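> Provide a 3D model corresponding to the input given below.
(one chain, ligands or ions: 1)
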Amino acid sequence: MSRSKEDGERYYADPALTAFAGRYFLYPTTDGSDDWSSDSFHVLASDDLHNWSDQGEILRLGRDVSWATAHAWAPAATERNGLYYFYFTADDNIGVAVGTSPTGPFRDSGAPIVADGQYSGRAIDPAVFTDDDGTSYLLWGNGVAHIARLNDDMVSIDTDHVTEWTHPTFREAAHLHRRGALYYLTWSENDTRDPEYRVRWATGSTPVGPWTDRGVLLEQEPGEGIFATGHHSILRVPETDDWLIAYHRFAVPDGDGFHREIVIDPVIHLPSGDLARVRPGSPSIRLTHPAIPETLDT
Ligand code: FUB
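Predicted structure coming up:
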């Protein structure tokens, strides 16, 4: 059963925080239904990371995507040569749609870029990373993490360069960022309905590993009523060495694994290259009240 908030709030999860041309964009899962059955994606935009507005629906399964009808989850987006690539989960496949602006409209490529069963584990939770040499990688997985080189068209992967990674704590939401010579692989451990859903990190000297587990980056803060802090993305604020992590948690108050909200906190890289533990709740940017255009507030 779904429940909606009364004052125009919506539940969002699985945030992919990005910056394009001086503006921030957040590509989330639309949450609030008990089996994560949403069939459409919205994008939120902000000039200052504090005030966010819902830019409307950018892709609807069934209508805009012929090969899937539900479970629109965990998207990611990037830009190359003036085109915007929107990667998304749909019924345990990964799709990609292309647009001319960060807010769409996006046109589906016509078939999954990674199909259900094509690789081990579940085909969910895409993330996209572009290295300093311009090579882009698509990450995905549940149970098994995959890091694949994207072809120049950005709508297909180089099947000769797909790296698999497993770890006892790897559940889902693999994400990659680089600072200097060090690559950071981060992921979610446990189930998103579990208060102990949390983010771990590893380091490596290449974008495909090998990876050294470095422990927990972010976890619940029960004393502050904060639970299930996971499925994140990490963004460098353009032109700075400031870094942010966007993640979801059980909505406060009364949330659960199907009613989640997005928050943003700083990520600190210590001089050693280690990541400082993220402390949720002090002082997080909370996205519980994104303004929704009247035409969309149905
Ligand atoms: O939002 C649906 C699913 O829940 C995502 O794909 C997982 O990462 C978990 O957050």
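
> Show me which residues of the stretch 101-250 of the chain are close to the ligand?
Taking CB under 6 Å from any ligand atom as the contact definition, the stretch 101-250 of the chain meets the ligand at Ile124, Asp125, Glu172, Ala173, Thr192, His231. Backbone N, C-alpha and C define where each C-beta goes, glycine included.

> at 8 Å instead, please
Near the ligand, the residues belonging to the stretch 101-250 of the chain are Ile124, Asp125, Asn142, Arg171, Glu172, Ala173, Ser188, Thr192, Tyr197, Gly230, His231, His248 when assessed by CB under 8 Å from any ligand atom.

> In helices, which of those appear?
Mapping these onto helices (DSSP state H) picks out no residues; all lie outside.

> so which pair among those residues is furthest apart in space?
Of all pairs drawn from those, the widest gap by CB to CB lies between Asn142 and His248 and measures 15.9 Å.

> just for the stretch 1-150 of the chain, where's the confidence low?
Counting by pLDDT under 70, the ranges of the stretch 1-150 of the chain that qualify are 1-9.

> cutoff 50 now
Of all residues in the stretch 1-150 of the chain, those with pLDDT under 50 make up the ranges 1-8.

> quick one, strands of it?
Read by DSSP state E, counting those that start in this stretch, the stretch 1-150 of the chain holds these strands, from start to end of the chain: 11-20, 23-31, 40-46, 53-60, 72-80, 83-90, 93-99, 106-108, 127-130, 136-140, 145-150.

> Any chance of TSV for those, columns mean neighbour count and distance to His177?
As requested, these are exported to TSV (neighbours: other CB atoms under 10 Å; distance: least, CB to CB, whole Å):
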stretch	mean neighbour count	distance to His177
strand 11-20	24	11
strand 23-31	23	16
strand 40-46	22	20
strand 53-60	19	24
strand 72-80	24	13
strand 83-90	24	16
strand 93-99	24	20
strand 106-108	20	24
strand 127-130	22	7
strand 136-140	24	11
strand 145-150	23	13
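
> want to throw these into a markdown table with distance to Thr203?
Output for the strands of the stretch 1-150 of the chain, formatted as a markdown table (distance: least, CB to CB, whole Å):
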| stretch | distance to Thr203 |
| --- | --- |
| strand 11-20 | 21 |
| strand 23-31 | 26 |
| strand 40-46 | 30 |
| strand 53-60 | 34 |
| strand 72-80 | 21 |
| strand 83-90 | 24 |
| strand 93-99 | 26 |
| strand 106-108 | 34 |
| strand 127-130 | 14 |
| strand 136-140 | 16 |
| strand 145-150 | 14 |
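
> between Asn142 and His248, who's got more neighbours?
When Asn142 and His248 are compared for neighbours, His248 comes out ahead with 29 against 19, by other CB atoms under 10 Å.

> pLDDT wise, what is that one at?
According to the model's per-residue confidence, His248 sits at a pLDDT of 97.

> Contact partners for Ser46?
By CB atoms under 8 Å, 6 or more residues apart in numbering, Ser46 lies in contact with Arg23, Tyr24, Phe25, Leu26, Trp52, Ser53.

> ok so, going back, in strands, which of the residues of the stretch 101-250 of the chain next to the ligand appear?
When strands are assigned by DSSP state E, the members of those inside them are Glu172, Ala173, Ser188, Gly230, His231, His248.

> ok, how many other residues are close to the second one?
What that stands for is Ala173. There are 29 residues near Ala173, going by other CB under 10 Å.
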